[in-house]
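In: My questions concern the predicted model and sequence given below.
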Amino acid sequence: MSKPLMLSLMLVASTSWAADVPGARDLPEVTRPLSSEIVKYKEGSGKPFGFPWIGLSG
């Protein structure tokens, strides 16, 4: 296989799979790194949650 053909196939294959999950969105507080994608997304309840501090001593 020729090098130009192999290079073009690699470029096409890498861009065709780079897509976010439908309905996914970034958090406003976090910036997304370049060339990253959202592969799994679940809408949360929107309520804040806390971690139990039982048994921890400071």
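Out: In hand now; what should we look at? Numbering: from 1, shown residues only.

In: Tell me which residues touch the residue nearest in space to the middle of the chain, please.
Out: Residue closest to the average C-alpha location in the chain (C-alpha atoms, centre = their mean): Ile38, at 2.7 Å. Ile38 sits next to Asp20, Val21, Ala24, Asp26 when contact means C-beta atoms under 8 Å, 6 or more residues apart in numbering. Using the backbone N, CA and C atoms, a C-beta is placed for each residue, glycine as well.

In: let's see it at 10 Å
Out: Each residue near Ile38 by C-beta atoms under 10 Å, 6 or more residues apart in numbering is listed here: Ala19, Asp20, Val21, Pro22, Gly23, Ala24, Arg25, Asp26, Arg32.

In: of the residues you listed, buried ones?
Out: Buried members of the contacts of Ile38, scored by 16 or more other C-beta atoms under 10 Å: none.

In: circling back: check whether the residue nearest to the centre of the chain sits in a helix, strand or coil.
Out: coil (DSSP: H, G, I helix; E, B strand; the rest coil).

In: Please consider this matter closed, and thank you.
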